[in-house]
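K.L.:
one predicted model, sequence on top.
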Amino acid sequence: MRILNLYACLGGNRYLWGDDHEITAVELDPELARMYKERFPNDTVIVADAHQYLLDHYKEFDFIWSSPPCPTHSRARFWGAGSGKMETVYPDMGLYQEILFLQHYFNGKWVVENVIPFYEPLIPGKKLGRHIFWSNFIIPNFKSKDADINRGLVSDYERLHKIDLSSYKGDQRKDKIGRNLVHFDTGKTIFDTAMGIIKSTNINQSSLF
């Protein structure tokens, strides 16, 4: 299976996907891309703008997972702006561009993930833990561990996600990196659901001929 993992960060969602598939990860932060490659050496890792990469390469894949930047949609940012601690900004509509694009142009299975926003989502999605997911298949109900830690220490996120941020030399806050990761159990459940549907569809199609 050809899989595209956009805004890959450290691959929290990808951790339990195994190595039986051809996975391409796209991450703009060179330091996170380096660490992702160390964690998943069999994956192809590309340092690029994931939003543009999706537009240019979506036809090359069977399954796409996208986790666009979430700060402008987050409740924490909204509360911070309301209290005067943060500046007010426009929500980044790239999130909805990708959802609409995948809905109408992509023939495979797809997932778009973000934090639960401070507003009613413009397109309904599946809320799990601190995250919301949009997809073209039904995501099952299950308890997500993503809500286990909301505002913790870097070590808390490292323990929860089985990561080591000590070598990160980039500009992003380490606690923010950890907080935004999708827990690997959540990533595996959603991934397995999509793979099961794809395999079932392929078998049914083959039986027709």
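P.N.:
That came in fine, so what should we check first?
K.L.:
select the longest strand from the chain.
P.N.:
strand 109-115 (DSSP state E).
K.L.:
show me which residues of the next helix or strand after it are buried.
P.N.:
Counting by DSSP states H and E, the next helix or strand C-terminal to strand 109-115 is strand 126-128. Residues of strand 126-128 classed as buried: Lys126, Leu128 (neighbour count, 16 or more other Cβ atoms under 10 Å). Where C-beta positions appear, they are placed from N, C-alpha and C, glycine not excepted.
K.L.:
partners of strand 126-128, with directions?
P.N.:
strand 131-135 (antiparallel) (DSSP bridges).
K.L.:
which residues does the strand it pairs with contact?
P.N.:
Residues from elsewhere that reach strand 131-135 (Cβ atoms under 8 Å, 6 or more residues apart in numbering): 99, 109-117, 121, 123, 125-127, 139, 144, 146, 182, 186, 190, 194.
K.L.:
quick one: buried ones out of those residues?
P.N.:
99, 109-117, 121, 125-126, 139, 144, 146, 182, 186, 190, 194.
K.L.:
next helix or strand past the least confident helix or strand in the chain by mean pLDDT?
P.N.:
When each helix and strand of the chain is scored by mean pLDDT, DSSP states H and E, helix 75-82 comes last, with a mean of 68. Next in sequence after helix 75-82, counting helices and strands by DSSP H and E, comes helix 94-105.
K.L.:
tell me what that next one is packed against?
P.N.:
If you count contacts as 3 or more Cβ pairs under 8 Å, 6 or more residues apart in numbering; DSSP states H and E, helix 94-105 packs onto helix 50-57, strand 63-66, strand 109-115.
K.L.:
in a markdown table, list those along with mean pLDDT.
P.N.:
As requested, the helices and strands packed on helix 94-105 are exported to a markdown table (pLDDT from 0 to 100):
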| stretch | mean pLDDT |
| --- | --- |
| helix 50-57 | 98 |
| strand 63-66 | 98 |
| strand 109-115 | 96 |
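K.L.:
pipe those into JSON lines and attach distance to Arg2 per row.
P.N.:
Below are these laid out as JSON lines (distance: least, Cβ to Cβ, whole Å):
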{"stretch": "helix 50-57", "distance to Arg2": "10"}
{"stretch": "strand 63-66", "distance to Arg2": "8"}
{"stretch": "strand 109-115", "distance to Arg2": "12"}
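K.L.:
so which elements touch the longest strand of the chain?
P.N.:
strand 63-66, helix 94-105, strand 131-135, helix 184-206.
K.L.:
highest average neighbour count across these?
P.N.:
Compared across these, strand 63-66 shows the largest average neighbour count, a mean of 25 (mean count of other Cβ atoms under 10 Å).
K.L.:
pLDDT below threshold where in the protein?
P.N.:
For the chain, applying pLDDT under 70 flags the ranges 75-77, 79, 81, 147-151, 202-209.
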